[in-house]
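J.: Following is a predicted model, sequence given first.
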Amino acid sequence: MAPPSPWTVLGSRTLIEDRWIRLRADRLRTAAGVEISPWYVLDYPDWVVVVPVTDDDRLVLVRQWRHAAQAWCLELPGGVMDPGDADPTETARRELLEETGHAARAWRPLFASFPNPAIQTNRLHVVLATGVALAAPVAHEDGEQIEVHCPRVEEVLAGIGQGMIGQAMHVGALIAGLAATGRIRL
(Lines give C-alpha, C1' and ligand atoms only; values in the text may rest on other atoms or scores of the structure.)
Protein backbone atom coordinates (compact mmCIF):
# COMPACT_ATOMS: atom_id res chain seq x y z
CA MET A 1 0.00 0.00 0.00
CA ALA A 2 1.32 3.41 -0.99
CA PRO A 3 1.85 6.02 1.71
CA PRO A 4 -0.68 8.87 1.80
CA SER A 5 -0.03 11.77 -0.52
CA PRO A 6 1.56 14.83 1.09
CA TRP A 7 -0.41 16.96 -1.39
CA THR A 8 -4.15 17.60 -1.25
CA VAL A 9 -6.14 17.95 -4.46
CA LEU A 10 -8.39 20.97 -4.01
CA GLY A 11 -9.91 20.75 -7.47
CA SER A 12 -9.43 19.27 -10.90
CA ARG A 13 -10.77 20.06 -14.34
CA THR A 14 -10.38 18.25 -17.65
CA LEU A 15 -9.01 20.49 -20.40
CA ILE A 16 -8.76 17.99 -23.28
CA GLU A 17 -9.97 14.42 -23.66
CA ASP A 18 -9.93 12.08 -26.64
CA ARG A 19 -9.02 8.45 -27.37
CA TRP A 20 -5.28 9.07 -26.86
CA ILE A 21 -4.98 11.52 -23.99
CA ARG A 22 -6.72 13.28 -21.16
CA LEU A 23 -5.15 16.54 -19.95
CA ARG A 24 -6.31 17.87 -16.63
CA ALA A 25 -5.39 20.88 -14.52
CA ASP A 26 -5.25 20.19 -10.77
CA ARG A 27 -5.30 22.72 -7.96
CA LEU A 28 -3.06 21.42 -5.16
CA ARG A 29 -1.99 22.23 -1.61
CA THR A 30 1.36 20.91 -0.41
CA ALA A 31 1.98 19.64 3.13
CA ALA A 32 3.56 23.05 3.86
CA GLY A 33 0.30 24.77 2.85
CA VAL A 34 1.54 26.16 -0.47
CA GLU A 35 -1.08 26.21 -3.19
CA ILE A 36 0.02 25.16 -6.68
CA SER A 37 -2.32 25.84 -9.57
CA PRO A 38 -2.46 24.71 -12.25
CA TRP A 39 -0.55 21.43 -12.05
CA TYR A 40 -1.01 19.75 -15.41
CA VAL A 41 -1.46 15.98 -15.49
CA LEU A 42 -1.50 13.82 -18.62
CA ASP A 43 -3.67 10.73 -18.17
CA TYR A 44 -2.41 8.24 -20.74
CA PRO A 45 -3.16 4.54 -21.00
CA ASP A 46 -0.20 2.28 -20.23
CA TRP A 47 2.29 1.63 -23.04
CA VAL A 48 4.20 -1.51 -23.96
CA VAL A 49 7.55 -1.91 -25.73
CA VAL A 50 9.11 -5.14 -26.93
CA VAL A 51 12.83 -5.92 -26.90
CA PRO A 52 12.77 -8.43 -29.80
CA VAL A 53 15.96 -10.49 -30.20
CA THR A 54 16.53 -12.99 -33.00
CA ASP A 55 18.55 -16.19 -32.69
CA ASP A 56 21.30 -14.64 -34.83
CA ASP A 57 21.80 -11.63 -32.49
CA ARG A 58 19.68 -9.06 -34.28
CA LEU A 59 17.11 -6.66 -32.89
CA VAL A 60 13.84 -6.15 -34.74
CA LEU A 61 13.32 -2.38 -34.64
CA VAL A 62 10.96 0.06 -36.30
CA ARG A 63 11.74 3.40 -37.90
CA GLN A 64 8.88 5.86 -37.99
CA TRP A 65 8.17 9.55 -38.29
CA ARG A 66 7.67 11.31 -34.97
CA HIS A 67 5.87 14.58 -35.62
CA ALA A 68 6.61 16.33 -32.31
CA ALA A 69 10.35 15.70 -32.70
CA GLN A 70 10.19 16.37 -36.45
CA ALA A 71 12.41 13.34 -36.94
CA TRP A 72 12.52 9.76 -38.15
CA CYS A 73 13.20 7.67 -35.05
CA LEU A 74 14.53 4.14 -34.74
CA GLU A 75 12.66 2.51 -31.87
CA LEU A 76 11.48 -0.68 -30.25
CA PRO A 77 8.12 -1.96 -31.49
CA GLY A 78 5.26 -1.22 -29.13
CA GLY A 79 2.12 0.69 -28.50
CA VAL A 80 -0.75 1.60 -26.27
CA MET A 81 -2.51 -0.98 -24.14
CA ASP A 82 -6.12 -1.00 -25.29
CA PRO A 83 -8.84 -0.69 -22.61
CA GLY A 84 -9.52 -4.46 -22.77
CA ASP A 85 -5.82 -5.42 -22.53
CA ALA A 86 -5.10 -6.93 -19.12
CA ASP A 87 -1.73 -8.50 -19.92
CA PRO A 88 1.19 -6.41 -21.23
CA THR A 89 2.72 -9.54 -22.81
CA GLU A 90 -0.37 -10.06 -24.96
CA THR A 91 -0.21 -6.41 -26.04
CA ALA A 92 3.49 -6.92 -26.83
CA ARG A 93 2.69 -9.98 -29.00
CA ARG A 94 0.06 -8.03 -30.91
CA GLU A 95 2.22 -4.95 -31.44
CA LEU A 96 5.29 -6.91 -32.57
CA LEU A 97 3.24 -8.84 -35.11
CA GLU A 98 1.30 -5.80 -36.38
CA GLU A 99 4.30 -3.49 -36.70
CA THR A 100 6.97 -5.92 -37.89
CA GLY A 101 5.33 -9.17 -38.97
CA HIS A 102 7.51 -11.01 -36.43
CA ALA A 103 6.58 -13.45 -33.66
CA ALA A 104 8.67 -14.93 -30.84
CA ARG A 105 9.31 -18.35 -29.35
CA ALA A 106 9.55 -17.01 -25.78
CA TRP A 107 8.16 -13.99 -23.93
CA ARG A 108 9.23 -12.52 -20.60
CA PRO A 109 7.92 -9.39 -18.88
CA LEU A 110 10.89 -7.45 -17.50
CA PHE A 111 9.56 -4.40 -15.65
CA ALA A 112 7.13 -1.49 -15.70
CA SER A 113 8.03 2.08 -14.81
CA PHE A 114 6.65 5.59 -15.13
CA PRO A 115 7.86 7.50 -18.23
CA ASN A 116 7.46 10.85 -16.44
CA PRO A 117 5.89 10.51 -12.97
CA ALA A 118 5.79 14.27 -12.40
CA ILE A 119 3.07 14.82 -14.98
CA GLN A 120 2.00 11.44 -16.44
CA THR A 121 -0.13 8.72 -14.87
CA ASN A 122 0.80 5.80 -17.13
CA ARG A 123 3.49 3.14 -17.00
CA LEU A 124 5.74 1.73 -19.69
CA HIS A 125 5.81 -2.09 -19.67
CA VAL A 126 8.96 -3.67 -21.09
CA VAL A 127 8.67 -7.20 -22.48
CA LEU A 128 11.54 -9.33 -23.77
CA ALA A 129 10.89 -11.50 -26.84
CA THR A 130 13.47 -14.11 -27.85
CA GLY A 131 13.63 -16.50 -30.77
CA VAL A 132 12.07 -13.77 -32.90
CA ALA A 133 11.41 -14.58 -36.57
CA LEU A 134 9.32 -13.31 -39.45
CA ALA A 135 5.84 -14.87 -39.23
CA ALA A 136 3.30 -12.78 -41.18
CA PRO A 137 2.81 -9.62 -43.22
CA VAL A 138 2.76 -6.37 -41.27
CA ALA A 139 -0.64 -4.89 -40.41
CA HIS A 140 -0.03 -1.18 -39.91
CA GLU A 141 -2.83 1.05 -38.73
CA ASP A 142 -4.02 3.93 -40.90
CA GLY A 143 -1.53 6.79 -40.73
CA GLU A 144 1.41 4.64 -39.66
CA GLN A 145 4.56 4.82 -41.76
CA ILE A 146 6.76 2.12 -40.29
CA GLU A 147 9.92 0.58 -41.72
CA VAL A 148 11.33 -2.59 -40.14
CA HIS A 149 15.09 -2.67 -39.47
CA CYS A 150 17.04 -5.64 -38.08
CA PRO A 151 20.50 -4.40 -37.07
CA ARG A 152 22.97 -6.55 -35.15
CA VAL A 153 22.96 -6.14 -31.36
CA GLU A 154 26.57 -4.85 -31.43
CA GLU A 155 25.65 -2.18 -33.98
CA VAL A 156 22.80 -0.91 -31.80
CA LEU A 157 24.93 -0.90 -28.64
CA ALA A 158 27.66 1.04 -30.46
CA GLY A 159 25.08 3.51 -31.82
CA ILE A 160 23.25 4.31 -28.58
CA GLY A 161 25.76 7.01 -27.61
CA GLN A 162 25.36 8.64 -31.03
CA GLY A 163 21.56 8.80 -30.76
CA MET A 164 20.78 5.79 -32.96
CA ILE A 165 17.72 5.00 -30.83
CA GLY A 166 15.29 7.91 -30.96
CA GLN A 167 13.43 7.38 -27.68
CA ALA A 168 15.22 7.74 -24.34
CA MET A 169 12.85 5.28 -22.63
CA HIS A 170 13.70 2.70 -25.26
CA VAL A 171 17.42 2.93 -24.51
CA GLY A 172 16.80 1.81 -20.92
CA ALA A 173 14.46 -0.94 -22.10
CA LEU A 174 17.08 -2.18 -24.58
CA ILE A 175 19.81 -2.28 -21.93
CA ALA A 176 17.56 -4.20 -19.52
CA GLY A 177 16.46 -6.61 -22.26
CA LEU A 178 19.96 -7.32 -23.49
CA ALA A 179 21.16 -7.82 -19.91
CA ALA A 180 18.31 -10.30 -19.35
CA THR A 181 19.49 -12.31 -22.38
CA GLY A 182 23.10 -12.32 -21.13
CA ARG A 183 24.30 -10.34 -24.16
CA ILE A 184 25.60 -7.55 -21.90
CA ARG A 185 26.50 -7.31 -18.23
CA LEU A 186 25.43 -4.47 -16.00
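T.: Perfect, I can see it now.
J.: quick one: the strands in this protein?
T.: Remark: strands assigned in the chain by DSSP state E are 8-17, 22-29, 35-43, 47-54, 61-66, 71-75, 78-80, 102-103, 106-113, 124-134, 146-149.
J.: Buried deepest among the ones you listed, which one?
T.: Greatest average neighbour count among the strands of the chain goes to strand 47-54 (a mean of 26), per mean count of other C-beta atoms under 10 Å. Backbone N, C-alpha and C define where each C-beta goes, glycine included.
J.: That one packs against which elements?
T.: Applying 3 or more C-beta pairs under 8 Å, 6 or more residues apart in numbering; DSSP states H and E, one finds that strand 47-54 contacts strand 78-80, helix 88-100, strand 124-134, helix 168-180.
J.: list the helices and strands the second one packs on?
T.: Here helix 88-100 is seen to pack against strand 47-54, strand 78-80, strand 102-103, strand 106-113, strand 124-134, strand 146-149 when contacts are counted using 3+ C-beta pairs under 8 Å, 6+ apart.
J.: Which among those strands is found nearest to W72?
T.: W72 sits nearest to strand 146-149 of all the helices and strands packed on helix 88-100, at 8.6 Å, using C-beta to C-beta.
J.: so what's E141 scoring on pLDDT?
T.: Model confidence at E141, given as pLDDT, is 76.
J.: mind listing what it touches?
T.: E141 sits next to E98 when contact means C-beta atoms under 8 Å, 6 or more residues apart in numbering.
J.: separation between it and W65?
T.: Distance of E141 to W65, computed by C-beta to C-beta, to the nearest Å: 14 Å.
J.: for P109, same thing?
T.: Note on P109: its distance to W65, by C-beta to C-beta, is 29 Å.
J.: Equivalent analysis for P38, please.
T.: 31 Å.
J.: Spatially nearest residue to R183 (excluding sequence neighbours)?
T.: In space, and not counting its chain neighbours, R183 is closest to V153: 5.7 Å by C-beta to C-beta, 6 or more residues apart in numbering.
J.: rewinding a little: dump the helices and strands packed on helix 88-100 to TSV, plus mean pLDDT and distance to A179.
T.: Below are the helices and strands packed on helix 88-100 laid out as TSV (pLDDT from 0 to 100; distance: least, C-beta to C-beta, whole Å):
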stretch	mean pLDDT	distance to A179
strand 47-54	98	10
strand 78-80	95	19
strand 102-103	98	21
strand 106-113	98	9
strand 124-134	98	10
strand 146-149	94	22
